[in-house]
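Novice: Sequence below, structure please.
(chains A and B)
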Amino acid sequence: MCGTTARNAQNVGTAFVQIWANKGRSILTTLGIIIAVSSIITVVSLVDGFGRYLTDMLRGYGTQYMVVRPHTPPALRRAGMSRVTLDMRDVEAVRTECKDVRRITPFVYSQVEVGYAGESAEDVPVRGVTEQYQTIRNFFVDAGRFFGPVDVENGTYVCVLGRTLLKSLECDESIIGEHLLIGDARFHVLGLLETKGSVFGDDQDNTIMIPYTTALKMWPENRDSVMFLAEATDESYVDGAQAQITRVLRQRHGIQPGNPSDFRVDRQDQEIKQFEKVRDVATGMLSGIVSISLLVGGIGIMNVMLVSVTERTREIGLRKSVGGRRRDILLQFLTEAVVLCTVGGGVGITLGYVATNIASLHPAMVEVHVSPWSVALGLGFSAGAGIVFGIIPAFKAAILHPIDALRHE
Amino acid sequence: MSEHADDQVIELIDVEKIYRVGTEIVRALRGVSLSIAENEYVAIMGPSGSGKSTMMNILGCLDIPSLGKYLLGGKDVSKLSQSRLARIRGTKIGFVFQTFELLPRTTALKNVQLPMMYALARHKKQRAMAALERVNLADRAAHRPNQLSGGQKQRVAIARALAQEPDIILADEPTGNLDSKTGEEIMDVFDTLHSEGQTIIVVTHEEEIAARCRRVIRLRDGSIASDERHEPADQDTRGPGVRAGAGSESPRVAVS
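Specialist: Below you'll find the predicted structure:
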């Protein structure tokens, strides 16, 4: 009915008149809501921004691959049987028998000194891999070339460098085609890797990559504890591929059902899930803090609405005497509480938006946006607080007896 | 007095009102029977504690009798729920209070529209303007209460009472907060409304006000002590304002 709409509009109008008539009180009252909502906006935006940044970055390294490494189960470690092996024959078996594994590369890791033209860098992570590694890790060269299958087969002394290492050695792209020293061996530089940045403080660009065959020649002690990276044919096949790898390796290592495996399969998508779990916990804790301020703000609203009802008792009496029913009075005061809260929410959203934008000015800050749903959340929460904390004062107004209300001094 | 006649707007039949104040039982009205016909102009008088306020509350459907019947326009309203009583107050009764009870920061026009908001009425603005014209305040429609004099405020309140074209206007000490000259102006407005056919009940303790009415009901200890009809008091002894109001200057014909 158009009349109902008109009355609701009238209620909202009355609410604004009341807010305006008590400007100072309204501002102080809504301060709690303002703070709560601006915190919601800021916190949600920041967590969201960081989350997207990290997820994107992890995804950038590929989510379809698993890292398989030798691992002594705690039970065996206690039994003193710490020798576990994972060698190239295992890698070959996985390559041939696991149908959901698309790409595979052994991964031989060491940290050594690297020297070039009088400059040197200590403890440089050296990765012995195959050319497949680029695709699995989504980590390509952007100058020169990566080594090929022939280099891997022959175990040639060739390498590609990360950009951070290049900087440590104080040289530029002219290094391509030159020779540098890894440990005691001379390596031919084939190319330079694209910049990847760092994950959790781990600089991905401080690296050097060589064929794994060459790496095994340099560090033969790694022959029976080779790690490898295996990529599933599709993101949805990661589970299947993991199961296949586990089955093949347990069979090869002769592990009885029920006994723990002597290797570990770490999945990248699990890392994202793990991170998301951490993020959710953080969000939960922050929302807890925010909801406390919302509670405090709501109590402020309730308090001022109770005061308002007492102050306007005669008005309530009048409204009842000219035909206002209980539900009309209830709706009027509820509308006022909701309008008060929503106005506070609107101010809070503006402040949160400003705070988020100020935060994003910091040079080390990730890209953050105020997402529409956080605005909706803020408005929803503030309007909800209006209803929750406005209902008691509104009810108190509604049940007033018109005679008593009109006689109120 | 208790038999129903068609032109009776109000009929109270053996109405009792009993309050419980702590352990004490107060019989505010003790079996009151009363009829008020259409276009009557009634004063209800009585000392404090006589049941005058209780009577007004019941007549105004702000309260219901403990015993007995109240027929308003032939309809029994003595057993209605709060919500139905509110609806009846909004459509059939126009209240005028001693302290005006206008909404602050709200224009005269909006104040007059208030009863219509609750009744979901149409053409609110036109009807509110018409009501303001009847009290000669159309030119103050956009003024807020703090920009109006006491008499003007009470006239806005009367316009608000008229807005829904009620069966009765119920005025509770309408001149109590006004000086005597302004009070007479307000009574002039009532005289005019009466001459236009409006039923008016004025609760008052002032003899001069009661003298302006055509019928005076006096209450004492919760019962009707006297009920007298008379022609309006001799107008020659009164101020010029009275004569102006008592004569039906307004060409408007009663609508209700």
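Novice: The residue in chain B that chain A sits nearest to: how many residues sit nearby?
Specialist: As assessed by CB to the nearest CB, chain A sits closest to residue B:90 within chain B, at 1.8 Å. In short, each C-beta sits where N, CA and C put it, glycine included. Neighbourhood size, residue B:90 [other CB atoms under 10 Å in any protein chain shown]: 29.
Novice: so what's it up against?
Specialist: A:322, A:323, A:324, B:115, B:118, B:119, B:164 (CB atoms under 8 Å, 6 or more residues apart in numbering or on different chains).
Novice: Pipe those residues into JSON lines and attach distance to residue B:83 and secondary structure per row.
Specialist: What follows is those, written out as JSON lines (distance: CB to CB, whole Å; DSSP: H, G, I helix; E, B strand; the rest coil):
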{"residue": "A:322", "distance to residue B:83": "14", "secondary structure": "coil"}
{"residue": "A:323", "distance to residue B:83": "10", "secondary structure": "coil"}
{"residue": "A:324", "distance to residue B:83": "10", "secondary structure": "coil"}
{"residue": "B:115", "distance to residue B:83": "16", "secondary structure": "helix"}
{"residue": "B:118", "distance to residue B:83": "11", "secondary structure": "helix"}
{"residue": "B:119", "distance to residue B:83": "13", "secondary structure": "helix"}
{"residue": "B:164", "distance to residue B:83": "17", "secondary structure": "coil"}
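Novice: By neighbour count, which of those wins?
Specialist: Neighbour-wise, the contacts of residue B:90 (other CB under 10 Å) top out at residue B:115, 29 neighbours.
Novice: so who does the residue lying closest to that residue once chain neighbours are set aside touch?
Specialist: Residue nearest to residue B:115 in three dimensions, not counting chain neighbours: residue A:322, with 4.0 Å by CB to CB, 6 or more residues apart in numbering or on different chains. Residue A:322 sits next to B:89, B:90, B:95, B:114, B:115, B:118, B:160 when contact means CB under 8 Å, 6+ apart.
Novice: One more pass at 7 Å, please.
Specialist: Neighbouring residues of residue A:322 by CB atoms under 7 Å, 6 or more residues apart in numbering or on different chains: B:89, B:90, B:95, B:114, B:115, B:118.
Novice: what does residue A:293 give?
Specialist: Counted by CB under 7 Å, 6+ apart, residue A:293 has contacts A:32, A:35, A:36, A:39.
Novice: which stretch of helix or strand covers it?
Specialist: helix A:268-311 (DSSP states H and E).
Novice: what's the closest non-adjacent residue to the closest residue to chain B within the stretch 301-409 of chain A?
Specialist: Closest approach of the stretch 301-409 of chain A to chain B (CB to the nearest CB) occurs at residue A:323, with a separation of 1.8 Å. Nearest residue to residue A:323, sequence neighbours excluded (CB to CB, 6+ apart): residue B:90, at 1.8 Å.
Novice: hmm, back to that, lowest-confidence one in the contacts of residue B:90?
Specialist: Lowest-confidence member of the contacts of residue B:90: residue B:119, scoring 86 (pLDDT).
Novice: Three-state assignment for the closest residue to it other than its chain neighbours, please.
Specialist: Using CB to CB, 6+ apart and skipping residues adjacent in sequence, the residue nearest residue B:119 is residue B:90, 5.0 Å away. For residue B:90, the assignment made with DSSP: H, G, I helix; E, B strand; the rest coil gives helix.
Novice: Domain ranges for chain A, per the record?
Specialist: As given by automatic domain parsing, the domain ranges for chain A are A:2-58+A:273-407, A:72-261.
Novice: Redo those as TSV? Include distance to residue B:228.
Specialist: Formatted as TSV, those follow (distance: least, CB to CB, whole Å):
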stretch	distance to residue B:228
domain A:2-58+A:273-407	28
domain A:72-261	98
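Novice: quick one: which of the contacts of residue B:90 is nearest to residue A:287?
Specialist: residue A:324 (39.2 Å; CB to CB).
Novice: contacting residues around the residue lying closest to that closest one once chain neighbours are set aside?
Specialist: Once flanking residues are discounted, residue A:324 sits nearest to residue B:118: 5.0 Å by CB to CB, 6+ apart. By CB under 7 Å, 6+ apart, the residues touching residue B:118 are A:322, A:323, A:324, A:328, B:90.
Novice: Repeat that for residue A:126.
Specialist: A:110, A:111, A:112, A:182, A:208, A:210, A:215.
Novice: can you rerun that using 6 Å?
Specialist: By CB atoms under 6 Å, 6 or more residues apart in numbering or on different chains, the contact set of residue A:126 is A:110, A:112, A:208.
Novice: And for residue A:136?
Specialist: Listed by CB under 6 Å, 6+ apart, the contact partners of residue A:136 are A:62, A:65, A:103, A:229, A:231.
Novice: Please identify which of those is nearest to chain B.
Specialist: Nearest member of these to chain B, counting by CB to the nearest CB, is residue A:62, at 65.2 Å.
Novice: Would you confirm that that closest one contacts residue A:138?
Specialist: Yes - between residue A:62 and residue A:138 there is a contact under CB atoms under 6 Å: 4.7 Å.
Novice: These two: which has the busier surroundings?
Specialist: residue A:62 (18 against 15).
Novice: Is it correct that that one falls within a strand?
Specialist: No - according to three-state DSSP, residue A:62 belongs to no strand; its state is coil.
Novice: ends of stretch B:173-187, how far apart?
Specialist: 11 Å (CA to CA, to the nearest Å).
Novice: what about that stretch, average pLDDT?
Specialist: 94.
Novice: near chain A at all, that stretch?
Specialist: No - judged by CB under 6 Å from any CB of the partner chain, stretch B:173-187 stays clear of chain A, getting no closer than 12.3 Å.
Novice: Any buried residues in that stretch, and which?
Specialist: B:173, B:174, B:175, B:178, B:182, B:183, B:184, B:185, B:186, B:187 (16 or more other CB atoms under 10 Å in any protein chain shown).
Novice: Kindly give the local confidence score, pLDDT, for the residue lying closest to the fourth one once chain neighbours are set aside.
Specialist: In space, and not counting its chain neighbours, residue B:178 is closest to residue B:150: 5.2 Å by CB to CB, 6+ apart. Residue B:150 is assigned a pLDDT of 95 by the prediction.
Novice: isn't residue B:150 right up against residue B:176?
Specialist: No - at 10.8 Å, residue B:150 and residue B:176 do not qualify as touching, with contact defined as CB under 6 Å.
Novice: Quote the end-to-end distance of stretch A:114-134.
Specialist: Length of stretch A:114-134, first residue to last, CA to CA: 22 Å.
Novice: Which parts of that stretch count as buried, going by neighbours?
Specialist: Within stretch A:114-134, judged by 16+ other CB under 10 Å, the buried ones are A:114-116, A:121, A:124-134.
Novice: Which pair of these spans the longest distance?
Specialist: A:115 and A:132 (28.7 Å).
Novice: so where do the strands sit in the stretch 151-300 of chain A?
Specialist: Taking DSSP state E, counting those that start in this stretch as the criterion, the stretch 151-300 of chain A carries its strands at A:158-161, A:179-182, A:185-193, A:198-199, A:202-203, A:208-211, A:227-232, A:263-267.
Novice: any weak-confidence spans in chain B?
Specialist: Along chain B, segments meeting pLDDT under 70 span B:1-6, B:233-256.
Novice: longest strand anywhere in chain A?
Specialist: strand A:101-116 (DSSP state E).
Novice: Compute the inter-axis angle for it and strand A:185-193.
Specialist: 120 degrees (axes from the mean of the first three to the mean of the last three CA atoms, to 10 degrees).
Novice: For chain B, which residue occupies the most central location?
Specialist: Nearest to the geometric centre of chain B sits residue B:170, at 1.4 Å (CA atoms, centre = their mean).
Novice: ok, now which ones touch that residue?
Specialist: B:60, B:93, B:95, B:201.
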